[in-house]
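**Q** my questions concern the predicted model and sequence given below.
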Amino acid sequence: MRTARILAITMGVALLSGCAANTSTVAQSPKQRVADAKARTQRFEQRVAELVPDTVVDDIKQLPNGSLQSCEHGDMWAGGITINLRTDARPDLVLGELGQRADDAGLEVEQSKSFNGTERITVSDHEGVSVLLDSAPHSIDGGSFSDCFSLPKEFYRGGEF
């Protein structure tokens, strides 16, 4: 009886271990790869938005959906975030402080100029997720981009994700 119980437990553990090993090696579906890239990017958007002091933030709006864009080694998910500021906040100063806080947090920060000559920054993590931020009259507007990932050629890239 004891031998049968040990055998049953051993078989159960072996079967469960085999299932766990099999599920970890199964390749993700293309839709799941897109969903994972979107989730990583939106988490990073939130992380960047949290660097802006609450005292100047009115609200934060993330785009619920984005699109796929081409990148060097495949595709990336692209979305956006708007950090609406209180009326007494100076967006250009808030953007500068955001860049300094991001740098202090160990994120990569690049400064550049927009087409109209205003300051903009790009904040990136070490996995390749980035947010391009511009100051607007009462907000900080950001376009976000996931790291580059591959999808099958036949995967339909149009529409929203």
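**A** Cool, got the structure. Note that the coordinates shown come from a computational prediction; the quantities given were computed from them, not determined experimentally.

**Q** just the helices in the protein please.
**A** Counting by DSSP state H, residue ranges of the helices within the chain are 2-25, 30-49, 91-104.

**Q** just want the angle from the second one to helix 91-104.
**A** Between helix 30-49 and helix 91-104, the angle comes out at 110 degrees (axes from the mean of the first three to the mean of the last three C-alpha atoms, to 10 degrees).

**Q** contacts for helix 30-49?
**A** When contacts are taken as C-beta atoms under 8 Å, 6 or more residues apart in numbering, the neighbours of helix 30-49 outside the stretch itself are 28, 57, 60, 62, 66, 68, 76-77, 79, 81, 83, 98, 102, 107, 123, 125, 127, 129-131, 133, 142, 144-147, 149-152, 155, 161. Every C-beta, even on glycine, is put in place using the N, C-alpha and C of the backbone.

**Q** swap the cut-off to 6 Å and go again
**A** When contacts are taken as C-beta atoms under 6 Å, 6 or more residues apart in numbering, the neighbours of helix 30-49 outside the stretch itself are 60, 62, 77, 79, 81, 83, 123, 125, 129, 131, 144, 146, 149, 151-152, 155, 161.

**Q** skip the chain neighbours and tell me the closest residue to the most centrally placed residue in the chain.
**A** Centroid-nearest residue in the chain, with C-alpha atoms, centre = their mean: residue 41, separated by 0.8 Å. The shortest distance from residue 41 to any non-neighbouring residue, by C-beta to C-beta, 6 or more residues apart in numbering, is to residue 146 (4.4 Å).
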